[in-house]
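Participant: show me the folded form of this:
(chains A and B)
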Amino acid sequence: MAEPSATSTFSRQRLRLDSLWLSAPGLAYMALLLILPAGALIWQSFVNPKTGSFDPSVYQQMFSAGVYVKVLLNTFAISAQVTIVCLLVGYPIAVWLAGMPERRRRMAMWLVLLPFWVSPLLKNFAWIVLLARKGIVAQMLTGMGFDTELNLLYGRGAVVFGMAHAMLPVAILTMLPTMLAIDSRLMPAAMTMGASRGQSFWRIFVPLSMPGVAAAGLLIFVMGLGFFITPALLGSPNETVIGQMMITQVQKLFNLRLAGALAALLLAVTLITIAVYDRLFGMSAVSGNGSVTRRGGIIGAIGGFIIEICAMLTDMVARILPVKLGRGAFTIFVWLVIAILIVPVLAFPPMAFSGSTFLEFPPKSFSMRWFQTYLSSDQWMGATTRSAVIAIITGALATVISGMAAYGLARTQRKAGGLIFLSFMLPMVVPNIVIGVSLFYVLAKVGLIATDTGILLGHTLSAMPVVFVILLTTFRSVDWRLLQAAATLGASRWQQIRLVLLPLVKGGAVAAFLFGLLHSFEELTIALFVGAGVKQTLPKQMWDDIILSISPTLAAASVFIVVVVTVLFVIAEKARPR
Amino acid sequence: MRVPADPIKTKGTSFAMPAASNNAPEIKLQVQGLAKLYGQTIALDHVDLDVRKGELLTLLGPSGSGKTTLLQLICGLQEPTSGTVIIDHKDQTHAPVNKRDIGVVFQNYALFPHMTVAENVGFALKMRSLPKAEINAKVAKALETVGLAHASERSPSQLSGGQQQRVALARCLVYDPAIILMDEPLGALDAKLREVMQIEIKRIHRETGATIIFVTHDQQEALALSDRICLMNNGKIAQLGTPRQMYDEPQNLFVADFIGVSSIVRGMVKAGALDTAIGTLPIAGEAPADGTKGALVIRPEAIRLGEGFCEGRVRETVYGGSELRVIIDAGKQEIIARAPAQAGDIDVGSTVRFGWAPEAARFLVDQG
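Facilitator: This next block holds a predicted model:
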């Protein structure tokens, strides 16, 4: 029998544009606004601006001066401490959520998701008031018999608490999917074989949930490295971190070479952390589709040892104390954490409607004067309008660029897909502060610094990961045979897209747009650098006010932001497909 | 190998073609030399097939046999590497999916989740720009045909599997396409419901006179439903015929093995009989040449237990309600026989004699 010959139809197929090409605009965007600027920033840190020759003197300066080394150590220590707190506190909450029936979990998730979408700036600002000397928390503690001169703010404790509070939702949301993927029949199976409840939890559930824990740890640590808001607001000069130092170098000392060196260091540590993580746990755990394999080596041995001890302790405790007590303690812990997550968000309205001339909680009188101040101030209104406009355009731009790439990626089986996915995640890997300084450096050369366009470009870049992930999930959940079905029923290509594909992805696209919008609306770091003090966005205006002079106008603005965030968040969550 | 597409010699007795098949049957679909390559893999190897107007033809075969590829080439979801597809005497090989006059019932129905049942069913009519009133009337009629008139405003997710199946069927029937293709449409249903839907499909086929090509890997389903069966293997047609022809007159060992249960006793022809591990067995009819390798295929119901020219040990008995299936080891040869259940149990491990009428065994040449 003759071999079937390749006819014209065969070559026609090969000529058809590969759907992966749809990600080209997004990749170009990443290259031009992330890789190129960061590369240029780091490059110039090695170059002597006068002679143009290689000159690593800033690095010598950085490592020889005691203050820089101290700042570096600070940054790593704080980041590590925050990571540990987030994992230890977040794990039980994730377990609590994972153990719920689907319907109830969706409700309970709001308690975590809402704080997630309120920016760290707002949450930290709330703590400044709540934890202030003679503030409500100090008073409560004094009432319980503590020292009268309690100083809760401006120390390492406050910084770690504030940062952990800001990042806890991230930790919980990263750990949860792995826990949900654990086969719920495994623990009962272990119990039929004679394991106690505690034993089966420690020996079955905990090891299987570890990939999620590791992923959360990586994410929190890497995010923590570039974080500067909490140390600046809740810390003393002793807690100065790299991020603050970069701001000083850029905005006060105009020393871009040293800023570039700090950026290079931050990026290097980030990449090393990721590489180490990849070696130990494998990158697949981050995307949540890795299979659990048995770990050998040191980590496996230590983990096994910890599990042995914990299982033994749990059994001992269970023998001495009644089960009810343990359950009760667990429930109290969970609700306490949830309360701490939510309280700062709920604290703004009472502060904003206070009649006092300074921020206080709880307020002693009611008035609308601070809202009037907020609404009648040209400065505040200008910032609010600018933020709103930039946010809407950012949401749309990020949705279009990511949408094309997500569609292309969802329709391909090719290996390159993984690389494209990682590229779109880059703005999340590279610390925000590095992105901010890089854009400041490069956009200045093309005259886009202190322009709305510059801020818009930067925001679109940093909103890309979240928008892309939502859209990718949306497109991946589409049953493509529905388009085939529509074709067999007589629908043209355009009709298939308009009548079948668009209605199916509409919810996801709306959610992606709104989350991109929210991201931009609350973004501080990039606006801080690219706005250059000329084009003020709402978060930037708040930042300046918090640093200079705290007034109740801030609370009024915060209420406005929280309301916007809550409303958009509710709409987005409702629109988002499951 | 070219399989005769039109085996007229139906056994006189029971088989009747539906509707307009009395005289020369009109050909609805012609597939000529159709082939599909995926890289170096041959998914479909130059297949020729004619489908008559109003018949229900089953594409049967194991997974990977090319039946789904053939279906996709017919409806245009894939482009063939070579060959032609002719629908209603028009070459449609390169016509886009939406311009071919075909209807497809997908494996998991592919109902549009964002549309109601009525909107799903009316979709094709909307694509054909029919007036609203006409669409409504046709949709109502189609839903009535499948017994779902009451569910028109529900969304597909509110329906049971069987009901979704009916909606998918109605969605095809409503615009009266030249051919309806069904890709394992009953695969997702449980055994009981599958039988109900088989009868339902037979009824709808008879009432509408639609031309249906039905893909399945379930030979029982194929035997139950089809006017003709096209059994596929390795991208080729192994045999094409009525269910009765497929069962009674398999043309090669693959067909004999795939359709129904049979004992296959291999050996070599010697002096008009087959020399096998369980003895020299008679070959009915015209004897093949000496030295031909081949096998006798014997259906379980043809094997008589208790007497005969062979002997074996009962390895297992399987009770099946109306019958008792008896699996016998005769040396290394496995023989499957059937005894009426009323005859009582047969002890596992006992020795039993068995045989068959020589004309009940079919001799087939071993090609592999």
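Participant: on the three-state scheme, residue B:338 is what?
Facilitator: strand (DSSP: H, G, I helix; E, B strand; the rest coil).
Participant: could you measure from the residue nearest to it when sequence neighbours are not counted over to chain A?
Facilitator: Excluding the flanking residues, the one nearest residue B:338 by Cβ to Cβ, 6 or more residues apart in numbering or on different chains is residue B:300, at 4.0 Å. Bear in mind the C-beta positions are built from the backbone N, C-alpha and C, glycine included. Per Cβ to the nearest Cβ, to the nearest Å, residue B:300 is found 36 Å from chain A.
Participant: quick check, residue B:300 in contact with residue B:324.
Facilitator: No - the pair residue B:300 / residue B:324 is not scored as a contact, 10.5 Å apart, by Cβ atoms under 8 Å.
Participant: low pLDDT regions in chain B?
Facilitator: B:1-24, B:368 (pLDDT under 70).
Participant: contact residues of it facing chain A?
Facilitator: Proximity of chain B to chain A is confined to B:1, B:35-37, B:42, B:45-46, B:75-77, B:79-82, B:94, B:96-100, B:102-104, B:106, B:108, B:110-114, B:123-124, B:127-128, B:171, B:175 under the rule Cβ under 8 Å from any Cβ of the partner chain.
Participant: mutual contacts of residue B:300 and residue B:324, please.
Facilitator: Counting by Cβ atoms under 8 Å, 6 or more residues apart in numbering or on different chains, the common neighbours of residue B:300 and residue B:324 are residue B:338.
Participant: narrow the residues of chain B next to chain A to those in strands?
Facilitator: Counted as lying in strands by DSSP state E, out of the residues of chain B next to chain A, are B:35, B:36, B:37, B:42, B:45, B:46, B:82, B:102, B:103, B:104.
Participant: does residue A:467 belong to a helix or a strand, and which?
Facilitator: Counting by DSSP states H and E, the element that carries residue A:467 is helix A:452-476.
Participant: near chain B, anything from that helix?
Facilitator: No - shown here: helix A:452-476 not in contact with chain B (Cβ under 8 Å from any Cβ), separated by at least 13.5 Å.
Participant: gap between the residue nearest the centre of chain B and residue B:198?
Facilitator: Residue closest to the average C-alpha location in chain B (Cα atoms, centre = their mean): residue B:222, at 3.3 Å. To residue B:198, residue B:222 is 10 Å away according to Cβ to Cβ, to the nearest Å.
Participant: ok, now residue A:209?
Facilitator: Taking Cβ to Cβ, one finds residue A:209 at 47 Å from residue B:198.
Participant: and residue B:42, by the same measure?
Facilitator: Taken as Cβ to Cβ, the span from residue B:42 to residue B:198 is 32 Å.
Participant: over to residue B:208?
Facilitator: Counting by Cβ to Cβ - residue B:208 and residue B:198 are separated by 16 Å.
Participant: can you show me the strands along chain A?
Facilitator: Going by DSSP E, chain A shows no strands.
Participant: where does it dip in pLDDT?
Facilitator: A:1-18, A:133-134, A:146-151, A:282-300, A:577-578.
Participant: what's the domain layout of it?
Facilitator: Per the record, chain A has its domains at A:19-51+A:368-578, A:67-185+A:209-294+A:332-342, by automatic domain parsing.
Participant: is it possible to get CSV of the ones you listed that adds mean neighbour count?
Facilitator: Converted to CSV, those look like this (neighbours: other Cβ atoms under 10 Å in any protein chain shown):
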stretch, mean neighbour count
domain A:19-51+A:368-578, 20
domain A:67-185+A:209-294+A:332-342, 19
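Participant: which among the ones you listed is found nearest to residue B:202?
Facilitator: domain A:19-51+A:368-578 (22.9 Å; Cβ to Cβ).
Participant: now that closest one, how far from the centre of its chain.
Facilitator: 13 Å (Cα atoms, centre = their mean, to the nearest Å).
Participant: what's the closest non-adjacent residue to the closest residue to chain B within the stretch 251-400 of chain A?
Facilitator: Closest residue of the stretch 251-400 of chain A to chain B, Cβ to the nearest Cβ: residue A:399 (19.9 Å). Of all residues not flanking residue A:399 in the chain, residue A:513 sits nearest, at 4.6 Å (Cβ to Cβ, 6+ apart).
Participant: in contact with the most centrally placed residue in chain A, which residues?
Facilitator: Nearest to the mean C-alpha position of chain A, by Cα atoms, centre = their mean, lies residue A:170 at 6.1 Å. By Cβ under 8 Å, 6+ apart, residue A:170 lies in contact with A:86, A:116, A:216, A:219, A:220, A:223.
Participant: does the last one touch residue A:166 like I think?
Facilitator: Yep, that's residue A:223 we're talking about. No - look at residue A:223 against residue A:166 with Cβ under 8 Å: they stay out of range, at 9.3 Å.
Participant: quick one, strands of the stretch 201-350 of chain B?
Facilitator: B:212-216, B:228-233, B:236-241, B:263-270, B:273-276, B:279-282, B:293-298, B:303-319, B:323-330, B:333-340 (DSSP state E, counting those that start in this stretch).
Participant: tell me what the first one is packed against?
Facilitator: The criterion is 3 or more Cβ pairs under 8 Å, 6 or more residues apart in numbering or on different chains; DSSP states H and E, and the helices and strands that strand B:212-216 contacts are strand B:56-60, helix B:67-75, strand B:179-183, helix B:191-208, helix B:219-225.
Participant: residues in contact with the residue nearest to residue B:338?
Facilitator: Contacts of residue B:300 (Cβ under 8 Å, 6+ apart): B:261, B:262, B:263, B:325, B:336, B:337, B:338.
Participant: now these as CSV including distance to residue A:35?
Facilitator: Shown next, in CSV, are the contacts of residue B:300 (distance: Cβ to Cβ, whole Å):
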residue, distance to residue A:35
B:261, 66
B:262, 67
B:263, 70
B:325, 70
B:336, 69
B:337, 74
B:338, 73
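Participant: ok, these vs residue B:159, which is closest?
Facilitator: residue B:261 (36.3 Å).
Participant: look up how far residue B:354 lies from residue B:274.
Facilitator: 16 Å.
Participant: let me fix that, I meant to ask about residue A:38.
Facilitator: 83 Å.
Participant: cool, and residue A:440?
Facilitator: 92 Å.
Participant: count of residues packed around residue A:59?
Facilitator: 16 (other Cβ atoms under 10 Å in any protein chain shown).
Participant: in this structure residue A:95 contacts residue A:179, no?
Facilitator: Yes - Residue A:95 lies in contact with residue A:179 (Cβ under 8 Å); the separation is 6.7 Å.
Participant: who touches both of the two?
Facilitator: A:205, A:209.
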